[in-house]
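Asks: Sequence plus predicted model, see below.
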Amino acid sequence: MKTRSKAVKSNRFKLYLILVLTLSIVTIMGFMFSSSQKRLDIPKEISVSKNISGYQAIYQQDDDHTIAAYYPLLTQREITTQLIEFIDYKISSFIEEDEKYLYIDYDLYKVTDQYLSVAFFLAHGNDLDELKLDLIKTLSFKADTEELITLNDVFRPEYEESMMALLRKTLKNDKDYQDNLRLDFYQASKVGVINLEYYVFDQDHLRLMVDSKALLSDDIGLINIDLNVKDLAYYLIEDYRAIDVIKPSTDKDLTLRYIDPDQPMVALTYDDGPYGPVTDDIVATLAEYESVATFFVVGNRIKTYSDTLLNMIDCGNEIGNHSYTHKYNLTKIDQEKLNEELSFTQRDLYHYVNDYRIRLLRPTGGNHDQTLRDNCGYPIINWSVDTKDWQHHQSQRTYEEIVNVAKDGDIIIMHDIYPSTAEATKMAVPKLIEMGYQLVTVSELYEYKGITLENGTVYYASDRYKK
């Protein structure tokens, strides 16, 4: 992902300024071209643009205005006509304004012989030294039919949720932006909030061109957010003929879950696993309904059930720390033993997933005191709904405890070592969704509620926590 400066294409811009001065010296009066008149070809040898075809230009000058506008040299006549019509419209509008200089430039993008996109940039004003280019328009076309297209012509309905989820993921994983997201990032990136007017298709990427103020704390101008079309394959209407052809998929990628921060959500949590025969069943149920949970694992079980754990992560679930041995009340052991109980779980996890850092702790029994809070180095996650599945082993009772009690922001505790809990999950997940709940991880619950989890603080629900 790259930030586009407002002063892009500086070399061609310098060429334009030289041209302006030259034209001024010659004092060509009334030198104006309409869309039907001759354009001056710019030799490719002096092109400094990254554009992948030649280009043409419109130069106009009189006592009041000096204009230079570039557009791509294409074989498609209908597309070229539409580009010229747009430029002529901008020139006509400019002439009505009380300004001296107008400069229009472009970038051209292609997806093999299938799509092409043009992004136009414009600078205007009375002071040459102050002119800066701003994005004003993007246009995309089907190369064979020369039809102007929108995102709705490339993607099936309901693509926006996955697109916004992918945008969130891209920004959160980008080191240049992840620490600069707006405090209301999730609200700002809701479907219908981000302006999707500016975009281009560039080989295997869909590039969204977004004003940084819409998503970031700092205003750094226009940012380019490149989304891999492979991640949106589920919504493609036809084969996307990039360098590697991307075919429409029948499987929705679970990493693209979209969460609406304005809708109710709960966090299902599971302790004491992983235990393959049960955990795998729970993960499969969650995946079937495009949902996730948080699994507070016992570290010494990781090696035995590493495949289960890897699948758990691959399906988008969150891993929390539930001590290494589950032998101790963590408030009753010394600091050295506490460090072992917590660090060994992360150590064993690194053997199988070397880039996954555990961020949450659920102490055994939910027990905590000031010493543990001061020294554990984690936010402590307890619960607001206790199913007591460990006590009664009855799937119907566990199910009823969830659906009859759960409310927005709740953290629900279960244990993924009992078959009855897997059966209860099969009933509860679709019912919760039917009731209007989104099933999220604990971290997501707090992120979307706008609450920063702090080490040493105990959390029971998104609206209940204790310093």
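Replies: Yep, that arrived. Numbers count the residues shown, from 1 in each chain.
Asks: Where does pLDDT dip in this protein?
Replies: 1-53, 253-255, 467 (pLDDT under 70).
Asks: Point out the other helices and strands that the longest helix seen in it packs with.
Replies: Selection of the longest helix in the chain by residue count, based on DSSP state H, yields helix 77-95. Under the contact definition 3 or more CB pairs under 8 Å, 6 or more residues apart in numbering; DSSP states H and E, helix 77-95 sits against strand 55-61, strand 66-72, strand 101-111, strand 115-125, strand 134-142. Bear in mind the C-beta positions are built from the backbone N, C-alpha and C, glycine included.
Asks: ok, for residue 275, nearest residue in space, not its chain neighbours?
Replies: Of all residues not flanking residue 275 in the chain, residue 417 sits nearest, at 4.5 Å (CB to CB, 6 or more residues apart in numbering).
Asks: my read: the one you found touches residue 276, true?
Replies: No: counting by CB atoms under 8 Å, residue 417 does not reach residue 276; the two are 10.2 Å apart.
Asks: which SS state does residue 427 fall under?
Replies: Using DSSP: H, G, I helix; E, B strand; the rest coil, the structure places residue 427 in helix.
Asks: so it touches residue 400, yeah?
Replies: No: counting by CB under 8 Å, residue 427 does not reach residue 400; the two are 9.3 Å apart.
Asks: which residues does the residue nearest to residue 275 contact?
Replies: 272, 273, 275, 278 (CB atoms under 8 Å, 6 or more residues apart in numbering).
Asks: all helices of the stretch 201-350 of the chain, in order?
Replies: In the stretch 201-350 of the chain, the segments counted as helices under DSSP state H, counting those that start in this stretch are 276-288, 306-314, 335-350.
Asks: Quick one, which of those helices gets closest to residue 72.
Replies: helix 306-314 (42.8 Å; CB to CB).
Asks: buried stuff in stretch 118-135?
Replies: 118, 119, 120, 121, 122, 123, 124, 128, 131, 132, 133, 135 (16 or more other CB atoms under 10 Å).
Asks: first vs last residue of that stretch, how far apart are they?
Replies: Start-to-end span of stretch 118-135 (CA to CA, to the nearest Å) is 11 Å.
Asks: circling back to that earlier point, identify whichever of the helices of the stretch 201-350 of the chain lies nearest to residue 69.
Replies: Nearest of the helices of the stretch 201-350 of the chain (CB to CB): helix 306-314, 50.4 Å.
Asks: And the closest one, how far out from the chain middle?
Replies: Centroid separation between helix 306-314 and its chain, computed with CA atoms, centre = their mean, to the nearest Å, is 24 Å.
Asks: Quick one: list the elements packing against that helix.
Replies: Using 3+ CB pairs under 8 Å, 6+ apart as the test, helix 306-314 ends up in contact with helix 276-288, strand 318-321.
Asks: hmm, try it at 7 Å
Replies: helix 276-288 (3 or more CB pairs under 7 Å, 6 or more residues apart in numbering; DSSP states H and E).
Asks: How about residues contacting the helix it packs on?
Replies: Outside helix 276-288, the residues within contact range by CB atoms under 7 Å, 6 or more residues apart in numbering are 254, 270, 273, 292-293, 305, 308, 311-312, 315, 317, 416-419, 421-422, 425-426, 429.
Asks: Settle this for me: residue 203 is touching residue 245, isn't it.
Replies: No: the criterion here is CB atoms under 7 Å, and residue 203 misses it with residue 245 at 11.7 Å.
Asks: neighbour-wise, which of these two wins?
Replies: Taking neighbours as other CB atoms under 10 Å, residue 203 and residue 245 compare with residue 203 leading, 15 against 11.
Asks: Against residue 113, how distant is the spatially closest residue to the more buried one that is not a sequence neighbour?
Replies: With CB to CB, 6+ apart as the criterion, residue 203 has its nearest non-adjacent residue at 5.0 Å, and that residue is residue 242. Counting by CB to CB, to the nearest Å, the gap from residue 242 to residue 113 is 11 Å.
Asks: out of those two, which sits in the busier spot?
Replies: Counted by other CB under 10 Å, residue 242 and residue 113 do not tie: residue 242 has more neighbours, with 20 against 9.
Asks: shouldn't residue 177 be in contact with residue 216?
Replies: Yes: using CB under 7 Å, residue 177 is in contact with residue 216, at 6.3 Å.
Asks: Need the phi and psi values for residue 167.
Replies: phi -60, psi -50 (degrees, to the nearest 10).
Asks: Let me fix that, I meant to ask about residue 446.
Replies: Dihedral angles (degrees, to the nearest 10) for residue 446: phi -80, psi -40.
Asks: who does the closest residue to residue 293 other than its chain neighbours bridge with?
Replies: Take residue 293 and drop its neighbours on the chain: the residue closest to it by CB to CB, 6+ apart is residue 268, 4.1 Å away. When assigned by DSSP bridges, residue 268 has beta-bridge partners residue 412.
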